[in-house]
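Visitor: I need the structure of the sequence given here:
(one chain, ligands or ions: 2)
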Amino acid sequence: MNNFQYKNPTKILFGKGQMVNLAEEIPNDAKILMLYGGGSIKKNGIYKQVKEALLDNEVLEFGGISPNPEYCILLKALEIIKTENIDYLLAVGGGSVIDATKFLSGAAYYEGDTPWDLVTQNKPVTKGMPYGTVLTLPATGSEMNSGAVITRAETKEKLSMGGPALFPQFSVLDPQVVSSIPQRQLANGIADAYTHVLEQYMTYPIGAMLQDRYAESILQTLIEVAPAIQKDPSDYEAAANFMWSCTMALNGLIQQGVPSDWSIHAIGHELTALYGIDHARTLAIILPGHYTYNFENKKEKLAQYAERVWAVKEGSIEEKAKAGIKKTEEFFYSLGIDTKLSDYTDEYADTASTISKRFADRGWNGLGERKDITPADVEKIVAMNY
Ligand code: NZQ
Ligand code: ZN
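Guide: Ligands and ions are numbered 1, 2, ... in the order given. Below is the predicted model:
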């Protein structure tokens, strides 16, 4: 097992009715900017619950944050933070609203030339305005981690940022919010969390027995609750297990002491930037080809995964490993998610070379757990998923 230092400062308020405790988590004299998305919270009652919980606080609002939060829109929120002397942020939404809030937390205190530098500087953000979250969509784990992904339509870029200052102070996780989530987003949430676990697991054996079993148990739980959630999103038990699995998949715990990959996400973000494909679906497109292309490097863990998660008991390491890739693809199909780029767009002929060139331009010359996946490899991996 590798050495590690681990700290996660986010307080979790999990369960039915936790929203009423919201005000206790925020200083009484704070001037709050509440941030939200396209308006789903006004239809499902979450907006009303938050406003009632914060009746005695000073709260301004900024709505209209788009999925894959857009930099230009965030600049407008930043202006309000500055002109209104806001000193506390509250994200009410899914990964996009929470990521937007993380960016704003850093941007509010940023003294450099342009806040976009926070995204491109490749330096951890160490100063941020305090904020909390009310999660409305289990998927990204953003509610308990310090990373964010920001999009800039002007340049068709979608890039990650983060740092120790960007953990939420608290997150309210009430599984009852799942009942209003549309089928497409439920499938996305399950597939995204599932792939988060795999990015931190499907590498090479390093003798981290507990991390492996944590990872496998999250995968098994997601597989088990997926049909129940899709059949009835108001099934509280299923929703609670779904929600906590998504948080646990990317709160940093299972990544400690083990190598991690993250190339599926790096490549997937380009597909969203270029075509607007939902984040989770880009992962389902890239994963099978990526594991097939890097089969020799990943076959031991692929076989362990097939055996422990999918109960594949027969065959050689190679046969089990191949079965693991197939089972994963079938799982995506079972959620209603297609795994070929051509299922989403007709204009894919140059995609592989475009992404490869972008990675080369950015100096991303070695992706993956061994840092050996070059832009030329990326081109081949993307082309395998047409
Ligand atoms: O905008 P509103 O009206 O709120 O509607 C949203 C949005 O249209 C809707 N929704 C959310 N909660 C709902 C609901 N509809 C009904 N009932 C509810 N309770 O769902 C739609 C999608 O929301 P979004 O926040 O975009 O989804 P998700 O949580 O999947 O977030 C995706 C974003 O997170 C980034 C992705 O790249 C993408 O930009 N990621 C962030 C990560 C992180 N910070 O750690 C890691 C991930 O790998 C991912 O990259
Ligand atoms: Zn993801």
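Visitor: could you pull out the helices for the stretch 101-250 of the chain?
Guide: Secondary structure of the stretch 101-250 of the chain (DSSP state H, counting those that start in this stretch): helices at 117-120, 183-201, 209-231, 236-249.
Visitor: adding mean neighbour count, write those out as JSON lines.
Guide: For every residue, glycine as well, the C-beta is placed using N, CA and C. Below are the helices of the stretch 101-250 of the chain laid out as JSON lines (neighbours: other Cβ atoms under 10 Å):
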{"stretch": "helix 117-120", "mean neighbour count": "18"}
{"stretch": "helix 183-201", "mean neighbour count": "24"}
{"stretch": "helix 209-231", "mean neighbour count": "18"}
{"stretch": "helix 236-249", "mean neighbour count": "22"}
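Visitor: export those as JSON lines, with columns for mean pLDDT.
Guide: Formatted as JSON lines, the helices of the stretch 101-250 of the chain follow (pLDDT from 0 to 100):
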{"stretch": "helix 117-120", "mean pLDDT": "94"}
{"stretch": "helix 183-201", "mean pLDDT": "98"}
{"stretch": "helix 209-231", "mean pLDDT": "98"}
{"stretch": "helix 236-249", "mean pLDDT": "98"}
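Visitor: out of these, which is closest to residue 68?
Guide: Closest to residue 68 of the helices of the stretch 101-250 of the chain is helix 183-201 (Cβ to Cβ; 12.0 Å).
Visitor: next one: residue 312 from ligand 1, what distance?
Guide: Residue 312 is 27 Å from ligand 1, where distance means Cβ to the nearest ligand atom, to the nearest Å.
Visitor: so that residue is in contact with residue 320, correct?
Guide: Yes. At 5.2 Å, residue 312 counts as touching residue 320 under the criterion of Cβ atoms under 8 Å.
Visitor: give me the common contacts of these two.
Guide: Common contacts of residue 312 and residue 320, defined by Cβ atoms under 8 Å, 6 or more residues apart in numbering, comprise residue 306.
Visitor: looking at the helices of the stretch 101-250 of the chain, which is nearest to residue 349?
Guide: Minimum separation from residue 349 across the helices of the stretch 101-250 of the chain (Cβ to Cβ) falls at helix 183-201, 25.9 Å.
Visitor: gap between the two ends of stretch 264-283?
Guide: Terminal residues of stretch 264-283 are spaced 6 Å apart (Cα to Cα, to the nearest Å).
Visitor: list the contacts of the residue nearest to the spatial centre of the chain.
Guide: For the chain, the residue nearest the mean C-alpha position is residue 140 (2.9 Å; Cα atoms, centre = their mean). Residue 140 is in contact with 94, 95, 98, 99, 192, 193, 196, 246, 250, 279, counting by Cβ under 8 Å, 6+ apart.
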